[in-house]
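A.B. asks: Got a predicted structure here, sequence first:
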Amino acid sequence: MPRLKVNDIEIEVEDGLTVLQACEKAGAEIPRFCYHEKLSIAGNCRMCLVEMEKSPKPIASCAMPAAEGMNIKTNTPFVEKARKGVMEFLLANHPLDCPVCDQGGECDLQDQSMFYGVDKSRFKENKRAVPEKHMGPLIKTQMTRCIHCTRCVRFATEVAGVSELGAIGRGEDMQITTYLEQSMQSELSANVIDLCPVGALTSKPYVFEARPWELKKTETVDVMDAVGSNVRVDTYDWEVKRVLPIINEDINEEWISDKTRYACDGLLNQRLDTPFIKYNGKFEKASWSEVFKIIKSKFENSSKDKVCGFVGDLTNMETGYIFKEFFDRTLNNNNYDSRSDNRFIDNSERENYIFNSSINGIEDADLIFLIGANPRYEATILNARIRKAFVNNNTKVISLNDVGDLTYPYKNLDGQTQTIKNIFEGSEEISKEIIRAIKPMIIIGESLLKFNSAEHLLNLIKNFLKINNKFTDDWNPLNILSCDAATVGNFDLGILNREKNLLEELKSNKFEIIFLVGQDNLEFDKKDEFIIYQGSHGDKGAEIADIILPGSAYTEQDGFFTNLEGKIQKAYKASYPPGEAKEDWQIVNELAEVMSNRKLFNDKEELESSMFNYLKLQQEKRKAKYKEKINLEFQNEKLNIQLKDYYFSNVIARSSKTMIECNNSKLNIKSTGTEG
């Protein structure tokens, strides 16, 4: 480990670190534009110049490896003059757009020119102008402001895996462009907005909406998929203006998907803000007391076996738990579920439905086998981790199906369940590869769980991994890739019915009353059923409802969510539900009071305490012993991966105008045949 001096402070750093990183370790701040921790080193901007003993010229600290015996100075007049000169060059062509630039207030160029720059320029030449580029419905370009740091180019190539951004021209004629003047074909494209240190790439939907100091900032978690990305929700008054990523190295690093970032405008559209009752096929506004009385009357005049309930894909754990308690204690009935399809789930052990290797663990894997999964669309951030593992470690990826471009190369098989059986019975070459791998990852998608042989294959896979000692104290190779934010939390809370097939009974019209909480994905033909729908948006569930109870979206209430790897995170309230809408747990609690003259819980704290006690008890009940179970029916089937429409996967996304534009942009590229 080399030892060196930074501003007369002697430090020891790891091998391979740069001078810039060594300076930061010593507590010295180094300005930079092109350098970024997650991207390769470019050395373009020269803003990070420092003085090194025995060097006649200042050195670019981001590109110079730290070496034994170096003596670095970061705050001498020599360094100060060099930085002022670099800043003068950077501003030579930069327009004076600060008053109208959306980057104003959070602009690296603005901040660093104030601190390291000069108050005048010696350049008298006319500033150059660069034509705007078309980068789709999400990214607004003002390329005259570009300082050629190439962060966006490196991100697109290295992290997103789409080589669609690059530079053309030389010297003053150099331009960053998408070559074909089309939108970037990546679900991570808008991260270039956060990376851009100037106002060249800004958010198109957010243009001229607000200044950063006017916004209230709330740190929370995302619910657009099951990854649980950490985000910051910025609100102006009660309206959500934008969503930005928060750094969490274990989950989303510092990236978020475009859907996470831009579906938030769906929170304004098609909102349910008052209770409704359907009279003669038309909805009419009603009061809370009125709808509760009708629901009570319906429940009292119906057999408890004729009542069922379903929890949706965006509901927080408190809502799921109080819904379950409502059925168990108030209705004395366990006809509830959280699945909208007949997928197989064995919740006797938690490892049967979570991503056991963890998102962070993807980087340690030496073989990844995708079975019935398309992580690019089912879990975009997780897919970026797989790409990172491939780029950094050359990790081998195998997929049972050909699922198109995943942004990294993979070997695809024939898509037959018989192939899975052969592999995990040990009769294929891939079987030997899995056995040879030190840390293999088997990633099973929800599509496989919907097949008749799902239970047989899951137990077969588990047996194979167990026999070959792939389960260790620090590694569990079996991973289920959930798609929805509420999935794992609902399974933890036991909101699934294994005694009877509620969906088949629903399709056979055996129920008189159906209670839906945020559930918009059920497919059945309604006959005489009385449907109560509680949710935030007028979507598929509200269309078939007889009574609508307006609930809250994820930004409008505190709530816990468990991500696909089983990590419980809290989403914090950033805004308020519109009109007469209430928080979801509160609606069920008040309904229970109307039904039995007693609330289920006195307040939210009591509900949370009861819920965590229940989770703790369930954890203790689950047996850690492994059960061998393979004598189940198997039938060979062609495994087709069933994907939700990426940009319309939930009620918020379906209500978002930006998501419609993203979808149309993708369709236009496909129709013109220019998709790369």
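C.D. replies: That came in fine, so what should we check first? Numbers count the residues shown, from 1 in each chain.
A.B. asks: quick one, helices of the stretch 401-550 of the chain?
C.D. replies: Assigned by DSSP state H, counting those that start in this stretch, the stretch 401-550 of the chain shows helices spanning 417-424, 429-436, 446-449, 454-467, 487-492, 502-507, 540-543.
A.B. asks: mind listing what's buried in stretch 493-511?
C.D. replies: Burial within stretch 493-511, assessed by neighbour count using 16 or more other CB atoms under 10 Å, is assigned to 493-497, 502-503, 506, 511. (Each C-beta comes from the backbone N, C-alpha and C, glycine too.)
A.B. asks: ok, now stretch 587-607?
C.D. replies: Neighbour-count burial for stretch 587-607 [16+ other CB under 10 Å]: 587-592, 594-595, 599-601, 604, 607.
A.B. asks: Now do the spatially most central residue of the chain against Ile513, distance only.
C.D. replies: The residue lying closest to the centre of the chain (CA atoms, centre = their mean) is Ser229, at 4.5 Å. Counting by CB to CB, to the nearest Å, the gap from Ser229 to Ile513 is 37 Å.
A.B. asks: now Thr562
C.D. replies: 29 Å.
A.B. asks: Ala581 is in what secondary structure piece?
C.D. replies: Using DSSP states H and E, Ala581 sits in no helix or strand.
A.B. asks: Please name the residues that touch Arg232.
C.D. replies: Counting by CB atoms under 8 Å, 6 or more residues apart in numbering, Arg232 touches 217-220, 243-246.
A.B. asks: and those residues, which of them are in strands?
C.D. replies: 217-220, 243-245 (DSSP state E).
A.B. asks: Just the buried ones from those residues, in ChimeraX syntax?
C.D. replies: Only the buried entries of the ones in strands among the contacts of Arg232 go into this ChimeraX selection, using 16+ other CB under 10 Å:
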select :218,220,243,244,245
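A.B. asks: Among the ones in strands among the contacts of Arg232, which one lies nearest to Asp528?
C.D. replies: Set against Asp528, the nearest of the ones in strands among the contacts of Arg232 by CB to CB is Thr220 (41.2 Å).
A.B. asks: Give the bridge partners for the closest one, please.
C.D. replies: Beta bridges link Thr220 to Val231, judged by DSSP bridges.
A.B. asks: show me what contacts it?
C.D. replies: Counted by CB under 8 Å, 6+ apart, Thr220 has contacts 230-233, 554-555, 570-572, 574.
A.B. asks: The same query, at a cut-off of 6 Å, please.
C.D. replies: 233, 571-572 (CB atoms under 6 Å, 6 or more residues apart in numbering).
A.B. asks: Counting neighbours, which of these comes out on top?
C.D. replies: Val233 (26 neighbours; other CB atoms under 10 Å).
A.B. asks: ok, how many other residues are close to the nearest residue to that one once chain neighbours are set aside?
C.D. replies: In space, Val233 comes closest to Ala574 once its chain neighbours are excluded; the distance is 4.1 Å by CB to CB, 6 or more residues apart in numbering. Number of residues near Ala574 (other CB under 10 Å) recorded here: 26.
A.B. asks: Helix or strand for Ala574, just tell me which one.
C.D. replies: Counting by DSSP H and E, Ala574 is found in no helix or strand.
A.B. asks: again with Val79
C.D. replies: Here Val79, judged by DSSP H and E, is contained in helix 77-90.
A.B. asks: For Val198, which non-adjacent residue is closest in space?
C.D. replies: Nearest one to Val198, counting by CB to CB, 6+ apart, is Leu109 at 4.6 Å.
A.B. asks: just the CA coordinates of the one helix or strand the one you found maps to, formatted as PDB?
C.D. replies: Secondary structure assignment for Leu109, by DSSP H and E: helix 108-116. Taking Å, rounded to 0.1, in the frame of the first residue of the first chain, the C-alpha atoms of helix 108-116 are listed here in PDB:
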ATOM      1  CA  ASP A 108     -21.700  22.000 -10.600                       C
ATOM      2  CA  LEU A 109     -20.400  24.600 -13.100                       C
ATOM      3  CA  GLN A 110     -22.200  27.400 -11.400                       C
ATOM      4  CA  ASP A 111     -20.900  26.300  -7.900                       C
ATOM      5  CA  GLN A 112     -17.300  25.700  -9.000                       C
ATOM      6  CA  SER A 113     -17.000  28.800 -11.100                       C
ATOM      7  CA  MET A 114     -18.000  30.800  -8.000                       C
ATOM      8  CA  PHE A 115     -15.400  29.100  -5.900                       C
ATOM      9  CA  TYR A 116     -12.500  28.400  -8.300                       C
END
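A.B. asks: mean confidence score for it?
C.D. replies: Across helix 108-116, the average pLDDT comes to 91.
A.B. asks: now the angle between helix 77-90 and that helix, please.
C.D. replies: 140 degrees (axes from the mean of the first three to the mean of the last three CA atoms, to 10 degrees).
A.B. asks: which other residues reach stretch 95-112?
C.D. replies: 31, 144, 197-199, 202, 211-213.
A.B. asks: what ranges do the strands span in the stretch 201-350 of the chain?
C.D. replies: 201-203, 216-221, 230-236, 239-245, 276-279, 282-285, 307-311, 336-337 (DSSP state E, counting those that start in this stretch).
A.B. asks: roughly how far is the fourth one from the heart of the chain?
C.D. replies: Distance, stretch centre to chain centre, for strand 239-245: 14 Å (CA atoms, centre = their mean, to the nearest Å).
A.B. asks: before we move on, what about the last one?
C.D. replies: For strand 336-337, the distance between its averaged C-alpha position and the chain's averaged C-alpha position is 26 Å (CA atoms, centre = their mean).
A.B. asks: Tell me how far Met174 lies from Thr202.
C.D. replies: 20 Å.
A.B. asks: With neighbour numbers in mind, choose between those two.
C.D. replies: Higher neighbour count among Met174 and Thr202: Thr202, with 19 against 14, using other CB under 10 Å.
A.B. asks: So what's the residue count around Asn563?
C.D. replies: Burial of Asn563 is recorded as 26 neighbouring residues (other CB under 10 Å).
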